[in-house]
Structure formats: C-alpha cells, structure tokens
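Engineer: Okay, sequence plus prediction incoming.
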Amino acid sequence: MKTRLLTYQPGNTFLHRTNPIAKLILAASVVISVFIAKQYSALIAIAAIIFIGMAFTRVVKTLSGLIKAMLIISCVMFLIQTVIAQSGNYIFLWFTLHGIDIGAKAALRLFCFAFPLVTVLTVTKLNDLANAVVQYLHVPYCYAFTITTAVRFVPIFAYEMSQITEAQMARGVEYDTKNPFKKIKLMMPLIVPLLVSSVRKADSSALAAEERGFYLRTRKSSYYKYPFGWRGFLSVIISALIIALPIVTSIFLPNLV
C-alpha cells in the first residue's frame, strides 16, 4: 500500500494557502520554542499547538502512522534518559526523580520536533516550496531542487519497499512477525533490490532534468510569484508568539511546572 507520509495532501485550509516561506518560518519557530522550553507547561502547550494545527489542516489521519511511531520512540528515549540520569532519590528500580524529569522532557521535545516540518511538507507542494525558497531566500535553484527531490523520493522508496515486501510475502516469507530482531533480519536482504531501484530512478531523473535544461534554470526563470499576503504576515506574528511563549513562561511564571 502506498504511503502518504511526506506526500502533498490537497486542501483549502489557512496553512494550505499560506506562503511556503511563512510555513517554514512557522515550523522553525515551533522547533526553536521546543528547544528553549524548560517547563512542562510550555512543552505541553507547544505540543497542543502542534496538534491543533494538524487538526485544522486535516492531516492527523495522514500522519497517524508517524504519530504512533514517535510515541514508541519517545517512550524509548524516556527509558534511555532514566538509565543515564541516575542522580536524585530512587523511586523504583533505576528510576530517580531527576531521571524521570530529564526523560519526560526529552521525550516531549523529541515528540514535538518530529511534526512541524512534516506537517508543512504535507500541506505544501514541493515545486512551490523550491520556487519560493529561490525567490525569497535567493538559494540557487540546483540546491533547492536537490533538497525537494530528496524529500519527494521518500514516499516513492517507501512504496518500492512495500512492493518488494509484498512480493517476498507472496513467496512465503513471514514479515508480520512480532519479533523485532527477526523482522530486521528478514528486512536486511531487501536493501539490495531497493538500492538498485533507487539508483535507477536517480539516474533516470538526472537524465530527464538535463534534457529539460536544468542547468539553465535561474531565480528569474519561474513565471509564478509567491506573494506573502496577510496569511504570511499573520503566520510570522504567530511564529513570534510561539517563540515568546517559553521565554515569557520562564520569566514571569518561574514557579509553574
């Protein structure tokens, strides 16, 4: 089954119609805010903002697989941090108050880091993102094209992997095992055909781009312009407020959890 992760989901929401650069600023502000947040209240508030944004853009169902995966990874991060941070009073087994505090914050940060940029890429056409980056940030088109093409290949390679897995399952290989180590051992032989397919696609894409005059493309070559508009300026204001949230919380509400 074809994955929808990092695949554009059409819509008519506020974030869909916002300037691509404003979306990047908004995603970067969330990441910066998560990085500087020191209190649980600020981290939980940022996580709530992320999920509200995902709900308004109607991508929660699309990213449900990523949400489940990040929950598991965050739990693993929590356990690792509790093992590393052993200072403080012991509560149960190796768990200490300091370890639980460090682990919970690390898990929250990791969980919040994963979704801003993925959400932006889900509600933005990669061609629009590349052209807007070239227009506003004056990034050479070859670099913008390379980055967006790499992102575009992620769902394609995931689909290729799914096809190879289904072909092996038709031959009797049991990939639905619950043993993670056995599953990894079964998946390792699939890397070679996936790598061969990836090299072929990259080579064909390079030839197609060269035939279309890729190296002649400049910043002025794009006929479509991306005005900032009121949605872009509103997104910048929201970005500033999101960055100010943990700073204001730590200064004016230092005793808040």
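Structural biologist: That came through, no problem. This structure is a prediction, so every number in the text was calculated from the model and none was measured.

Engineer: How is the protein partitioned into domains?
Structural biologist: What the TED database lists as the domains of the chain is 14-131+227-253, 139-216.

Engineer: With mean neighbour count, distance to residue 6 and mean pLDDT as new columns, can the ones you listed be given to me in CSV?
Structural biologist: All C-beta atoms are positioned from the backbone trio N, CA, C, and that covers glycine. CSV is the format used below for the domains of the chain (neighbours: other CB atoms under 10 Å; distance: least, CB to CB, whole Å; pLDDT from 0 to 100):
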stretch, mean neighbour count, distance to residue 6, mean pLDDT
domain 14-131+227-253, 17, 5, 87
domain 139-216, 13, 5, 76
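
Engineer: just so I know, which of those domains lies nearest residue 7?
Structural biologist: Distance to residue 7, taken as CB to CB, is lowest for domain 139-216 among the domains of the chain, at 4.9 Å.

Engineer: That closest one: how far from the chain's middle?
Structural biologist: Centre-to-centre, domain 139-216 and its host chain are 18 Å apart (CA atoms, centre = their mean, to the nearest Å).

Engineer: before we move on, the earlier item: adding distance to residue 8, write the domains of the chain out as JSON lines.
Structural biologist: Listed next are the domains of the chain as JSON lines, based on distance: least, CB to CB, whole Å:
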{"stretch": "domain 14-131+227-253", "distance to residue 8": "5"}
{"stretch": "domain 139-216", "distance to residue 8": "9"}
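
Engineer: where along this structure do the helices fall?
Structural biologist: Ranges of helices in the chain, per DSSP state H, are 20-36, 40-56, 64-84, 97-113, 115-122, 126-137, 141-170, 180-187, 191-211, 229-252.

Engineer: what sits up against the fourth one?
Structural biologist: Residues from elsewhere that reach helix 97-113, judged by CB atoms under 8 Å, 6 or more residues apart in numbering: 30-31, 34-35, 37-38, 40, 43-44, 46-47, 50, 70-71, 73-75, 77-89, 91.

Engineer: hmm, try it at 7 Å
Structural biologist: Helix 97-113 is contacted from outside by 31, 34, 43, 46-47, 50, 70, 73-75, 77-78, 81-82, 85-89, 91, using CB atoms under 7 Å, 6 or more residues apart in numbering.

Engineer: The last one too?
Structural biologist: Residues outside helix 229-252 that contact it (CB under 7 Å, 6+ apart): 14, 17-19, 22-23, 25-26, 29-30, 32-33, 36-39, 41-42, 45, 49, 256.

Engineer: In contact with the residue nearest the centre of the chain, which residues?
Structural biologist: With distances taken as CA atoms, centre = their mean, residue 118 lies nearest the centre of the chain, 3.1 Å away. When contacts are counted by CB under 7 Å, 6+ apart, residue 118 touches 6, 63, 66.

Engineer: which among these gets closest to residue 210?
Structural biologist: Of these, the one sitting nearest to residue 210 (CB to CB) turns out to be residue 6, at 25.3 Å.

Engineer: from what I can see that closest one touches residue 154, true?
Structural biologist: Yes - in this structure, residue 6 is within contact of residue 154 by CB atoms under 7 Å, at 4.9 Å.

Engineer: Relative to residue 75, how far out is residue 104?
Structural biologist: As for residue 104, its distance to residue 75 is 11 Å (criterion: CB to CB, to the nearest Å).

Engineer: so what sits against both of these two?
Structural biologist: Counting by CB under 7 Å, 6+ apart, residue 104 and residue 75 have no contacts in common.

Engineer: Could you pull up phi and psi at residue 38?
Structural biologist: The phi/psi pair for residue 38 (degrees, to the nearest 10) reads phi -120, psi -10.

Engineer: now do residue 61
Structural biologist: Residue 61 adopts backbone torsions of phi -70, psi -40, taken as degrees, to the nearest 10.

Engineer: residues contacting it?
Structural biologist: By CB under 7 Å, 6+ apart, residue 61 has no neighbours at all.
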